[in-house]
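Q: Next come a sequence and a model predicted from it.
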Amino acid sequence: SLHSDSPVSPVDPLLYVQTAVTRFFQVPPGGTPVQLGPQHAVSVLEALKCVTLYPAEAAMSEKDIGSLETGKLADLVVLNQDPTAIDVQANPNAIAQIQILETRLAGKKVSGTP
């Protein structure tokens, strides 16, 4: 699974996805991007599973969470872009820049425009 060591490091699932896909270190503005182990990069779809389904399986909670299926808790976010449609070669930072438009917990909207 991809995760943080919160509260030591920030919770930012889209950044985790981006890092798994691009294998770039976070670089300060104007710095030179450094790629670590590009052979270990995964697809965007695989990285999304690493922040959803695989952690649920690791917690032995996949019957209740981790994917959208009838009978499971409906915790999800609505994004302004499809992460699988982003060209990370053209913009390696694009996935982490996706905006979250709405958040739902247990199927109920908890943030976003009414």
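A: Yes, it's here.
Q: And the residue with the largest distance to the centre of the chain, how close does it get to residue 94?
A: Within the chain, residue 30 marks the point farthest from the mean C-alpha position, 24.7 Å out by C-alpha atoms, centre = their mean. Residue 30 sits 18 Å away from residue 94, taking C-beta to C-beta, to the nearest Å as the criterion. Every C-beta, even on glycine, is put in place using the N, C-alpha and C of the backbone.
Q: How about residue 41?
A: The separation that residue 41 has from residue 94, given C-beta to C-beta, amounts to 15 Å.
Q: ok, now residue 45?
A: 16 Å.
Q: the more surrounded of these two?
A: residue 94 (17 against 12; other C-beta atoms under 10 Å).
Q: does residue 51 really touch residue 1, like I thought?
A: Yes: judged on C-beta atoms under 8 Å, residue 51 makes contact with residue 1 at a distance of 7.1 Å.
Q: ok, these two, which is more surrounded?
A: Neighbours were counted for residue 51 and for residue 1 using other C-beta under 10 Å; residue 51 has more, 18 against 14.
Q: Just give the nearest non-adjacent residue to residue 94, would you?
A: Of all residues not flanking residue 94 in the chain, residue 86 sits nearest, at 4.7 Å (C-beta to C-beta, 6 or more residues apart in numbering).
Q: Residue 59: how many residues sit nearby?
A: Residue 59 has 12 neighbouring residues, counting by other C-beta under 10 Å.
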